[in-house]
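**Q** kindly return the folded structure for what I paste below:
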Amino acid sequence: VQLVESGGGLVQPGGSLRLSCVASGLTFSSYAMNWYRQAPGKERELVAAITSAGGSEEYADSVKGRFTISRDNAKNTVYLQMNSLRPEDTAVYSCNAHRTRVGRNYDYWGQGTQVTVSS
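**A** This next block holds a predicted model:
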């Protein structure tokens, strides 16, 4: 299983970025997909989540109204559109594939992509 993120970079406050995460080696449409972030010295935070079929989304309060998670099961890809970025959004963003089957959790992680919001 491999998850590969892309789209991170340096952006000014108020700017936008779109992160992508391409999955391979798993039945993508069977997995809920999540975006996490971790800033230096802070705990990892769940930013956004989307169900396997894409019918339901959840967001951390800190990003509601600014970030949008979406997925394309035909392309095995999950996206995170980030608008109105703030310096406090600076972190390494990682995608996670999750499913529970027969009482067992399956979790896979990407390597992460750096997002830096600074003027």
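**Q** gap between residue 63 and residue 40?
**A** Distance, residue 63 to residue 40, using C-beta to C-beta, to the nearest Å: 19 Å. Using the backbone N, CA and C atoms, a C-beta is placed for each residue, glycine as well.
**Q** okay, these two: which has more neighbours?
**A** Between residue 63 and residue 40, counting by other C-beta atoms under 10 Å, residue 63 is the more crowded of the two (22 against 7).
**Q** wait, a helix at the more buried one?
**A** No: assigned with DSSP: H, G, I helix; E, B strand; the rest coil, residue 63 falls outside any helix and is coil.
**Q** can you pull the contacts of it?
**A** Applying C-beta atoms under 8 Å, 6 or more residues apart in numbering to residue 63 gives the contacts 47, 48, 82, 89.
**Q** got it, and residue 91?
**A** Going by C-beta under 8 Å, 6+ apart, the list of residues near residue 91 reads 37, 38, 39, 42, 45, 114, 115.
**Q** and for the chain, the residue most distant from the center?
**A** Distance to the chain centre peaks in the chain at residue 102, reaching 25.6 Å (criterion: C-alpha atoms, centre = their mean).
**Q** can you report phi and psi for that residue?
**A** phi 50, psi 50 (degrees, to the nearest 10).
**Q** mind listing what the longest strand anywhere in the chain pairs with, with the direction of each?
**A** Longest among the strand segments of the chain by residue count, using DSSP state E, is strand 91-101. Strand 91-101 pairs in its sheet with strand 32-38 (antiparallel), strand 104-109 (antiparallel), strand 113-117 (antiparallel), by DSSP bridges.
**Q** export these to JSON lines and tack on distance to residue 57 and mean pLDDT?
**A** JSON lines is the format used below for those (distance: least, C-beta to C-beta, whole Å; pLDDT from 0 to 100):
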{"stretch": "strand 32-38", "distance to residue 57": "10", "mean pLDDT": "98"}
{"stretch": "strand 104-109", "distance to residue 57": "19", "mean pLDDT": "96"}
{"stretch": "strand 113-117", "distance to residue 57": "20", "mean pLDDT": "98"}
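**Q** appreciated, that's everything.
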